[in-house]
Structures are given as structure tokens and as C-alpha cells.
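Structure of the sequence below:
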Amino acid sequence: MSTPAGPEVAWFGSLCDDDYEFLGVANPALRSSWEHCRDITLAAQRGGFDNILLPSGYTLGIDATVFAAAIAPLVDRMKLLLALRMGELWLPQLARQIATLDRVLEGRLTINIISSDMPGETMASEDRYRRTLEHMQALRALLSGTHLELHGEFLDFDIDPPSVSTVSGDCPPFYFGGLSDAAREVAAAEADVYLLWPDTFAGIGEAVNDVTTRAARHGRTLRHGLRTHVIVRETENEARAAADRLVSNLDPVVGDEIRKRSLDSGSVGVGRQTELRDLADADGYIDRHLWTGVGRGRSGCGIAVVGDPDQVVETLRQYQQRGIDTFILSGYPHLTECELVSRYVLPALRS
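Residues are numbered from 1 along each chain as shown. Below is the predicted model of the structure:
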């Protein structure tokens, strides 16, 4: 897979009821709906983003695959990064859906592989990642036009690929994240882009180097991405004030409930985000421009890059120096912050 000339920069499509003016305070106007998520997606395309993540929350928001199919004819340049939970759909049908969507998008589909428990299911982490690896291997074969014969622990198939193929004839790139040892092994073996949540610069560098080394043992190379929130304003003081305002109405009990609703709430990655919050200063910062306050009201990615345009770009470039070449950004409210990042961050980050 070719590497883009500059960093790939994606936005976050809030399909899983994760959009707020005040974190933890529900706002009916910001609930996930076709209209609201459509507007975010089209704003990201107008703003110059390369891609947009369409997350899958199952019990929250709206369905990512249906949304991708609906928005695809309205997107003429930007890619879609569709989140798919491995094991949720019968694999041959999933391969046919992916190939069809890629055709509608004229080859601009990318896949975010999710390895969380199914709703109502509790599976040991190592088992889940073995299931995920089998699904990734099987999907890659079918979407590359290859006959699949796999008699594994979770899948048992002897089947030809679907009659519909992707535009390229190859499998769309797999974006995959996870901090545990088992997750890193899956990334090394099958991912095209290994995704991380924010950490100290040293922590990101360690993870990138480790997965790069693991991938080399499989005879592979891969790219590395960072999924982070951003709060950018014309001045640093304004950005910090916006961060404080975001959590100004957050009830700690509500924040705990929001975090526990996530299917990945017990993962190693979520645990690391909690650890970083505990290490932060009194204002929630682990670095001058890395603020952990977002994690008080959501699971998963819990850190935001906060500052003026130059400071935000410089912080992202420090992550680039540790091997990151893909960014998936978000901010609150998603539509407002998308426009600010488009104006203040994208041109400088690509210059």
C-alpha cells in the first residue's frame, strides 16, 4: 500500500451519540441522526479532510454500514473509514457488502476493524483477537478475489469470492487499533494502518517501534495512525477556556456511566487512558498541549490536543516524528470543531 505524500488526515463522523456542546449533557440537536451525521461528513469533505471515520457503537446512534451506503453518492473525493465489528455479520455477506460499497465509492472505502465483545457477550481478550485475526485473513482473501479455504477455530469455509469485486481488485486497507500484546500481534500480522490513542510522545514512539518490529517478523510493513481530539482557537488562552467550558457541566456520575456503556470499557487501551488522567496535573494536562479532560466523559480516546494553530500543528508534528503518518481527529461539537480544524490546522499541517 502506497504512503501518501503528507499525513492522511481524517475527521470523526459522530454516528454513536457522541456529540456535545457540554460533555455529558445530552443535546437533542446533536444526537446522531442521518441529517446531523450527513452534515458533519459533508463539512469534512468541504474542509479538505482525506477520510472520515464512521464508528460503530451497536447500542448507540445509527448503523455505520447503512449510513456509509447512504452518504456514498454524496461524497465525491473523500474516503470513508467504515468501522466493522468482526464476527457481527456472516463473513461472505460482509465481503459482498464491502465490495459493493467500494464500487459505489469508486475505490475510496477503507475499513476500521473492531475487536470488541458483541453485545451480551463476554469473551477473553486473547480469544477475541484470535477471532478477529481469522476474520481479517478471510476478508482479505475474499476481497482480493481469492478462493477461501479456512478451517479455523472460529471460521470454517471453503468458498469462492463474491462475484462483485472492489475497484482495485484488492482488499481495502485495514485500520486496526489495540494496545495489548495480543492486539499488537494482530496489527503486525494483518493491519495496514495501526491506530493508537494519544499518549506521551515516548509512549507513542514505543508502540510504533514495537509493532514495526513485530510486522517485520511477518515480512510486512505498515503505517501508524493516531486518533485524537483537538481543541484549536486563535490563542492558547481561548483554547484552554474552550476545554474548561466543555466539561463545565459534567456530572462525574454521568461521566462514569457513559464510559461503562462502551463495549471496550475494560480494554488495555482504555486502562491506559485512565492511567494518563491520573498522572495529569490539576488542570488535566500531561503535557502543555495534551489535555485528559475529555476522558472524564467518554470511553476510548480521552485526550485532546489543545492550543492555538501553531501549537496544535507542532504537537501533531511531534507525533509524526515518532512515526505517525495518519491522524483521525475530532472535537466538540463535531461540526463546529471540524470547521475550525479545517481553517487553522489542515493547511499548516500539510505545508
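
what ranges do the strands span in the chain?
For the chain, the strands defined by DSSP state E occupy 8-12, 51-54, 79-85, 109-114, 148-151, 156-159, 174-177, 193-196, 223-232, 285-287, 290-291, 304-307, 326-330.

Out of those, indicate the one that is most buried.
strand 304-307 (a mean of 28; mean count of other CB atoms under 10 Å). Backbone N, C-alpha and C define where each C-beta goes, glycine included.

So which residues make contact with that one?
Residues from elsewhere that reach strand 304-307 (CB atoms under 8 Å, 6 or more residues apart in numbering): 198, 228-232, 236, 239-240, 242-243, 285, 288-291, 293-294, 312, 315-316, 331.

again, but for stretch 226-240
53, 177, 195-198, 204, 241-243, 246, 283, 291, 294, 301, 303-309, 311-312, 316, 319, 324, 326-332, 337, 340-341, 344-345.

roughly how far is that stretch from the heart of the chain?
In this view, stretch 226-240 has its centroid 19 Å away from the chain centroid, taken as CA atoms, centre = their mean, to the nearest Å.

returning to that earlier point: a markdown table please, covering the strands of the chain and showing distance to D39.
Converted to a markdown table, the strands of the chain look like this (distance: least, CB to CB, whole Å):
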| stretch | distance to D39 |
| --- | --- |
| strand 8-12 | 12 |
| strand 51-54 | 12 |
| strand 79-85 | 15 |
| strand 109-114 | 21 |
| strand 148-151 | 39 |
| strand 156-159 | 40 |
| strand 174-177 | 24 |
| strand 193-196 | 25 |
| strand 223-232 | 19 |
| strand 285-287 | 32 |
| strand 290-291 | 26 |
| strand 304-307 | 22 |
| strand 326-330 | 15 |
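
Which of the ones you listed sits closest to V211?
Closest to V211 of the strands of the chain is strand 193-196 (CB to CB; 5.0 Å).

For the closest one, list the C-alpha coordinates in PDB.
C-alpha atoms of strand 193-196 as PDB (Å, rounded to 0.1, in the frame of the first residue of the first chain):
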ATOM      1  CA  VAL A 193      -2.600   1.100   9.500                       C
ATOM      2  CA  TYR A 194      -2.000   0.500  13.200                       C
ATOM      3  CA  LEU A 195      -4.100   3.000  15.200                       C
ATOM      4  CA  LEU A 196      -3.200   4.400  18.600                       C
END
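
Given that strand, what are its sheet partners and their directions?
Looking at strand 193-196 with DSSP bridges, its partner strands are strand 174-177 (parallel), strand 223-232 (parallel).

Tabulate the strands of the chain (a markdown table), appending mean pLDDT.
Formatted as a markdown table, these follow (pLDDT from 0 to 100):
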| stretch | mean pLDDT |
| --- | --- |
| strand 8-12 | 98 |
| strand 51-54 | 98 |
| strand 79-85 | 97 |
| strand 109-114 | 97 |
| strand 148-151 | 96 |
| strand 156-159 | 96 |
| strand 174-177 | 97 |
| strand 193-196 | 98 |
| strand 223-232 | 98 |
| strand 285-287 | 94 |
| strand 290-291 | 96 |
| strand 304-307 | 98 |
| strand 326-330 | 98 |
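
Ok, which of those comes nearest F22?
strand 223-232 (13.7 Å).

Convert the C-alpha atoms of the closest one to CSV, please.
Below are the C-alpha coordinates for strand 223-232, written out as CSV (Å, rounded to 0.1, in the frame of the first residue of the first chain):
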residue,chain,number,x,y,z
ARG,A,223,1.6,2.6,8.6
HIS,A,224,0.8,4.1,12.0
GLY,A,225,-2.1,6.4,12.9
LEU,A,226,-3.3,8.5,15.9
ARG,A,227,-6.9,9.0,16.9
THR,A,228,-7.1,12.2,18.9
HIS,A,229,-9.5,15.1,19.8
VAL,A,230,-8.5,18.6,19.0
ILE,A,231,-9.5,22.0,20.6
VAL,A,232,-8.0,24.8,18.5
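
Now do I258, the pLDDT please.
pLDDT for I258: 68.

for the closest residue to I159 other than its chain neighbours, what are its contacts?
Spatial nearest neighbour of I159, excluding adjacent residues (CB to CB, 6 or more residues apart in numbering): L148 at 5.3 Å. L148 sits next to 138, 141-142, 157-161 when contact means CB under 8 Å, 6+ apart.
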